Structure formats: C-alpha cells, structure tokens
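K.L.:
Here is a sequence together with a model predicted from it:
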Amino acid sequence: MTDETHQIADTLPLSLSAADVVGPIRMRRNRRTNWSRRLVQENKISVNDLIWPIFIKDGQGDSEAIPSMPGVFRHSVDKAVKEVERASRLGIPAVALFPYTDPALRDETGSEALNSANLVCTACRAVKAAVSDVGIITDVALDPYTSHGHDGLLEGDEIVNDPTVDVLVRQALNQAAAGADVIAPSDMMDGRVGVIRHGLDQNGFQHIQILAYSAKYASAFYGPFRDAVGSSGTLKGDKRTYQMDPANTDEALREAELDIAEGADMLMVKPGMPYLDIVRRLKDTFQMPTFAYQVSGEFAMIEAAAANGWIDREKAILESLLAFKRAGCDGILTYFAAEVAEMLAD
C-alpha cells in the first residue's frame, strides 16, 4: 500500500460492523454531475412522443397568424403540406389536422363535415400524396362546422346524443376515405366510439385506428383554439352537458372503460397539464396507449409568461412536456412539437 493508503487505513477502526459503516444517505451524489444525472434519469422526451396539431384554411400559398397563439398559423392546404414535410424531416410521427371553416359554410347541422371536398379531406389527400411516413389524425366533432359552435346537433337548448352520433359516423367515414390514419372523436357523445368502429369495419377501414377523447373536460383552457377554428364567436352557451366536470376523476375511468370496450385503440386526456392526475389514473388502470393534449390555453400561458420575461421559455416548454411523460403519456399533442423536435436534434 502507498503511504496515503496507510494513512487512510490507520484512521479506520480495526473491526467494523454493518451498523458502523452505514453513513448518511446522500441523494445529491447522483445529481452531482451531468453524466450521472443522465444515467439515472427516469423519464425522457423524444421526438417519438410528439404529435403536431396543424390548422388549415382556404386559399393558396397563405399562412395567417392566430393572435391568441403566438407563432401558430392557419395554413392553406399547400402550406400545410409543407409543414407536414417539415414534420417528416424532423421525425415527428403524426400530425393532427383542424379546419377553420368559412362562416358561410357553417349551418345548424354541420353539413360541411360530410363534404368529401371539405378542408380536412382535401388536406388529407394532399398530405398523403406528398408524405408517406407521417400519420394523419383527424378530429371527429361538429363544432368547426356548426353555426352554433357545439360539437353535436342542437334541438332547442339540448345537444342531442344519438342523432349526433349518426352524423359523426358519416364524418368519420368521410375522413377515412380521404386518407386519415387515425380517427379521433372529441365530441364526448355517449356510444360514439362503438358506432364509429362498427362503421369503419363495415366499410373496409378495419386498419384505421381510433384515438378516443375519453376524458375531455369542460375547460377554461380552450379559448385560443376556438379562435383558431373560428368557433369562439359562434358558441351559444357552454359545453358542460357533454364535456366532463373538472371536479371528477372516477368518471374519467368509467368513460375510458366504455371507450375501450367499444373498440378504442388509444385514449386521450384533454386538457393536459391541469389533468395529469387523470393521465396517471388511466395509464395505471388500463395500461392502454394514453395521450394528452397540451391545449391552446396552456401554450398561450407559456408564451405570454416568456414574452414578459417571467420564465425561461425553452426550459418551461421542455419541463412541461417532461411532466406529461412522467404522468404516463405515450404521446403528447403540442403546438411546440416542431420546435421541440429541433431542440432534441440539437
């Protein structure tokens, strides 16, 4: 032994028991260096976790800013195709398409949803012709198409369930025929997943997945999105008779269990960060692919706080997405998707 080793050894007792050598627990040892932190990290964000929502509009060669969502645009179909090509280059697995429907095309029954040449269907065909390795998720609900801004058919003051489901099935089939890979019913009508699954299977679309918005809450965080799709100014009343009460968690389990039984392939929680407890309960209970939507209000809050210098924007974005993963999300719909993919690549 070296002289130094002799000196250290001379300070130790001649006989040690297990009780003698148990020192204080030092949790900070694993945090001390970057390489160690990386080794013990429990959750990680990757590009494979990202779904990019894209808003589409009429026109050609045009992108229109959405004031309540800084840096987010409504794109004409040709521009939207360019965005999906960008998603492909970045390795983003899927995009979700949402239309801004001309108010002149909106009516009480949302009939434009059944038009095979509507914005969503046109965009699906254009994207499929240009990009083969990015999945297309399409929203099934009537609110972008109705003059009253609701997700379903309105009779008097009531959103009627079963007549709405009849229309939603036709909307889903319309989107499937246009090339949608994943049908995502976000309307929260009872029984719609089972009827849509039956309709898809009976019409040769057995391969198309259903991402069920199983726990969609009547939330205050949707405002900028409604601006983006043009329903904020048309909405009459609110959506509390069909979207979930923010106070409830057990109800989310019942909703998800029904959707799974009806044929859902994946589950969605919306909004995201205020409902991470719901994500965790669904994931732990059902072990199903579980997604969450970092909705427009969440996006806008991060952007507003960062613009005022109150938070570090990049760190807040990454931390918020890491929280989704920690809660159990398999995928996250986020308007930051392309930017985060670039961060991860760097």
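P.N.:
Thanks, I have it.

K.L.:
Do I have it right that Glu83 meets Ile54?
P.N.:
Yes - counting by C-beta atoms under 8 Å, Glu83 does reach Ile54; the two are 5.5 Å apart. Glycine gets a C-beta too; all of them are placed from N, C-alpha and C.

K.L.:
of these two, who's got more company?
P.N.:
Ile54 (24 against 19; other C-beta atoms under 10 Å).

K.L.:
follow-up on the earlier one: overlap in contacts of Glu83 and Ile54?
P.N.:
Here Glu83 and Ile54 have 75, 95 as joint contacts, going by C-beta atoms under 8 Å, 6 or more residues apart in numbering.

K.L.:
Against which helices or strands is the helix ranked longest in the chain packed?
P.N.:
Ranked by residue count under DSSP state H, the longest helix found in the chain is helix 161-178. Counting contacts by 3 or more C-beta pairs under 8 Å, 6 or more residues apart in numbering; DSSP states H and E, helix 161-178 packs against helix 119-130, strand 135-140, strand 153-155, strand 182-185, helix 192-202.

K.L.:
Touching the longest one from outside, list them.
P.N.:
Think helix 119-130. So helix 119-130 is contacted by 56-58, 77-78, 80-81, 84-85, 95, 97, 99-101, 115, 134, 136, 138-139, 174-175, 177-180 (C-beta under 8 Å, 6+ apart).

K.L.:
ok, and for that helix, which residues are buried?
P.N.:
119-128 (16 or more other C-beta atoms under 10 Å).

K.L.:
again, but for stretch 177-189
P.N.:
For stretch 177-189, by 16+ other C-beta under 10 Å, it's 178-189.

K.L.:
Put the alpha carbons of it into CSV.
P.N.:
Taking Å, rounded to 0.1, in the frame of the first residue of the first chain, the C-alpha atoms of stretch 177-189 are listed here in CSV:
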residue,chain,number,x,y,z
ALA,A,177,-62.0,7.7,-47.4
ALA,A,178,-59.8,10.8,-47.7
GLY,A,179,-56.8,9.1,-46.2
ALA,A,180,-57.0,9.7,-42.4
ASP,A,181,-54.9,7.1,-40.5
VAL,A,182,-56.4,7.8,-37.0
ILE,A,183,-60.0,8.9,-36.3
ALA,A,184,-60.2,11.0,-33.1
PRO,A,185,-63.7,11.6,-31.9
SER,A,186,-63.5,14.6,-29.5
ASP,A,187,-67.2,15.3,-29.2
MET,A,188,-67.9,13.3,-26.0
MET,A,189,-71.2,11.9,-27.2
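
K.L.:
And what about Ser232, helix, strand or coil?
P.N.:
coil (DSSP: H, G, I helix; E, B strand; the rest coil).

K.L.:
Give me the distance from stretch 330-342 to the chain's centre.
P.N.:
Put simply, stretch 330-342 sits 9 Å off its chain's centre (C-alpha atoms, centre = their mean, to the nearest Å).

K.L.:
That one spans what distance, first to last residue?
P.N.:
For stretch 330-342, the first and last residues are 20 Å from each other (C-alpha to C-alpha, to the nearest Å).

K.L.:
Can you tell me what sits against it?
P.N.:
45, 47, 49-53, 69, 71-72, 83, 86-87, 90-94, 96, 266, 272, 289-294, 296, 299, 317-318, 321, 324-325.

K.L.:
Which members of those are positioned in helices?
P.N.:
Per DSSP H, the subset of the contacts of stretch 330-342 in helices is 83, 86-87, 90, 296, 299, 317-318, 321, 324-325.

K.L.:
PyMOL command for the buried members of those residues?
P.N.:
Under the burial definition 16+ other C-beta under 10 Å, those of the ones in helices among the contacts of stretch 330-342 that qualify are selected in PyMOL by:
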select buried, resi 83+86+87+90+296+299+317+318+321+324+325
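
K.L.:
can you name the two of the ones in helices among the contacts of stretch 330-342 that are farthest apart?
P.N.:
Glu83 and Lys325 (24.3 Å; C-beta to C-beta).

K.L.:
The nearest residue to Pro185 once chain neighbours are set aside: neighbouring residues, count only.
P.N.:
Counting by C-beta to C-beta, 6 or more residues apart in numbering, the nearest residue to Pro185 once its immediate chain neighbours are dropped is Val140, at 4.2 Å. As a burial measure, Val140 scores 29 neighbours (other C-beta under 10 Å).

K.L.:
before we move on, the earlier item: dump the buried residues of helix 119-130 to a markdown table, plus distance to Ala252 and pLDDT.
P.N.:
What follows is these, written out as a markdown table (distance: C-beta to C-beta, whole Å; pLDDT from 0 to 100):
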| residue | distance to Ala252 | pLDDT |
| --- | --- | --- |
| Leu119 | 31 | 97 |
| Val120 | 28 | 98 |
| Cys121 | 31 | 98 |
| Thr122 | 35 | 98 |
| Ala123 | 31 | 98 |
| Cys124 | 30 | 98 |
| Arg125 | 35 | 98 |
| Ala126 | 36 | 98 |
| Val127 | 32 | 98 |
| Lys128 | 34 | 97 |
